[in-house]
Each structure stands twice: as C-alpha cells, then as structure tokens.
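> make a model of this:
(one chain, ligands or ions: 1)
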Amino acid sequence: MSKPHLTVVDHPLVQHKLTIMREEKTSTAGFRRLLREISQLLAYEVSKDLPLISKTIRTPMCEMEAKVLEGKKLALISILRAGNGLLDGVLDLIPAARVGFVGLYRDEETLKPVQYYCKLPANMEERVTIAVDPMLATGNSSAAAIDLIKAAGATDIRFLCLLAAPEGVARMKDLHPDVPVITASLDERLNDRGYILPGLGDAGDRMFGTK
Ligand code: URA
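Numbers count the residues shown, from 1 in each chain. Coordinates of the predicted model:
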C-alpha cells in the first residue's frame, strides 16, 4: 500500500504541547523545550517504517539475533534556521543519523526562497532522508529544499513539520508527490504575508527570542 501524502499526528500529547506552543504568552525557553519534546513524539511517527537490520547480541541468558536501526543510513536535513528546533528532538531519538543543513530565507516581498547554505551528508542516494522544518507555509522553501536534497541523489525522503497550511501541502504534493508530509496540525490557511493561521507566529523568532 502506498504511503499517505499527509499524516497528521493527533496523539493527545502532541496536541497538548502544540496548544501551549501556539499561545502568545509562552516564553522562549518554554517554546524551545516543548518543540524538542514534540519533535521526539513526531520522530516516533516519522520513523515507524525505518529499515531494521539484525545483529547478534548476548543477553545475560543466551545469544540472540536482535533488531537494530540502520542508523548510519539515515540523514536528517534541517532547513535553517527553524529546522534546528525539530532536529534536536529527532536526534535525541536517532543519535546515529547523519545531519545536513539547507539554508534558505524567505524574501518577504516575493515569498520566494533564497538559498545561502547547503551542506549535505555524502552518499545521499543510499539514505532514508528526513527533512525537518517546523512550518510548511507557502511550501516554496520546503519544495526548494527538497529539490536540493533530490539533486544530491536522495530518493527516499520524508518531510517533518510542526504546522502545515493547506497551500503548502498542496504545493508539496504538486512538486514532490513522492515525499510524504508528517505534521502535528493542518491549520486553516495563510495570511497575505504567508504566515500560517491560526499558527504560532514566526517559529524562528519564538524559538530564538529574536524579533
Ligand atoms: N514561517 C513561520 O515561522 N511562521 C509562519 O506562520 C509561516 C512561515
């Protein structure tokens, strides 16, 4: 069976933490802590079909063939700068993953992505890749980041975000139908500045205390 293009993780813990993150009054420290916690829960969902390999281990009782993740085969790509907030939580759960960064900023006039950095692990064609960015808004930056990841050879890619706008999901489906999107919420829409409504504001600013 083919994977759904969009998965909304409606686990009560995820929804509870997300509501606190959305609240205007939540502090920068609280926002960062919750993002780390929620990304661990989202990592559980995004990793549920990762390939396992067998390894011989010895329990106190006997030898056995046990399953382990093919950890070094996994690439986590953070879309800067807000992606780093999700990255930390996913790395807590999958510490052996290789990590790359794509730096894109959004031109506030055109809402189009401008690339300023790209450093990806070697042998991307061999890896399952999880691209992380908290906000799938217009989808322009996310789709551009996936273009770069595909250009490096990756073929098995998932996109993990905290909030998605219908416009961004549609754009990703249009440009990258092979890339499943996993999110904690499908929000209502974008405003005329490309911000998600009801959203949580600027994820990078809220995470780093900038404005
Ligand atoms: N980026 C953000 O940080 N927030 C939005 O609402 C949209 C894009």
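> contacts, neighbours, all on C-alpha from now
Noted.
> residues from the protein in reach of the ligand?
135, 137, 194-196, 199, 201-204 (CA under 6 Å from any ligand atom).
> identify the farthest-apart pair in the residues you listed.
G194 and G204 (14.7 Å; CA to CA).
> circling back to that earlier point, out of the residues of the chain next to the ligand, which end up buried?
135, 137, 194-196, 199, 201, 203-204 (16 or more other CA atoms under 10 Å).
> T7 in helix, strand or coil?
strand (DSSP: H, G, I helix; E, B strand; the rest coil).
> name the single longest strand found in the chain.
Counting by DSSP state E, the longest strand found in the chain is strand 98-106.
> so what touches the following helix or strand past it?
Using DSSP states H and E, the helix or strand that follows strand 98-106 in sequence is strand 113-119. Contacts to strand 113-119, defined as CA atoms under 8 Å, 6 or more residues apart in numbering, come from residues 100-107, 140-141, 144.
> at 6 Å instead, please
100-106, 141 (CA atoms under 6 Å, 6 or more residues apart in numbering).
> over to stretch 170-182?
Here stretch 170-182 has contacts from 5-7, 139, 157-160, using CA under 6 Å, 6+ apart.
> if we can go back for a sec, out of the residues of the chain next to the ligand, which are inside helices?
Within the residues of the chain next to the ligand, membership in helices is found for 203-204, as judged by DSSP state H.
> neighbours around P95, how many?
14 (other CA atoms under 10 Å).
> distance of the residue of the chain most remote from its centre relative to I53?
The outermost residue of the chain relative to its centre, with distances by CA atoms, centre = their mean, is M61 at 39.9 Å. As judged by CA to CA, to the nearest Å, M61 and I53 stand 22 Å apart.
> do the same with Q40
22 Å.
> more neighbours: those two, which one.
Q40 (22 against 11).
> check the secondary structure at the more buried one for me.
helix.
> bridge partners for the closest residue in space to L120 that isn't next to it in sequence, pull those for me.
Leaving out its chain neighbours, the residue that sits closest to L120 by CA to CA, 6 or more residues apart in numbering is G100, at 4.3 Å. Here G100 sits in beta bridges with I77, going by DSSP bridges.
> residues near G100, how many?
18.
> can you give me the helices for the chain?
Counting by DSSP H, the helices of the chain are 12-22, 28-46, 83-93, 140-151, 166-175, 203-208.
> which residues does the third one contact?
So that's helix 83-93. Contacts of helix 83-93 (CA under 6 Å, 6+ apart): 36, 39-40, 43, 78, 132-133.
> nearest to E65, out of the residues you listed: which one, please.
The shortest approach to E65 among the contacts of helix 83-93 belongs to A43, at 25.4 Å (CA to CA).
> how about the nearest residue to that closest one, chain neighbours excluded?
V90 (5.4 Å).
> what's the burial count for that neighbour?
Quick note: V90 (other CA under 10 Å) scores 27 neighbours.
> pLDDT weak spots in this structure?
Applying pLDDT under 70 to the chain flags residues 1, 71-72.
> find the nearest non-adjacent residue to A203, please.
In space, A203 comes closest to A82 once its chain neighbours are excluded; the distance is 6.2 Å by CA to CA, 6+ apart.
> correct me if wrong: that neighbour contacts G204.
Yes - between A82 and G204 there is a contact under CA atoms under 6 Å: 4.7 Å.
> give me the number of residues near K48?
K48, neighbours per other CA under 10 Å, totals 8.
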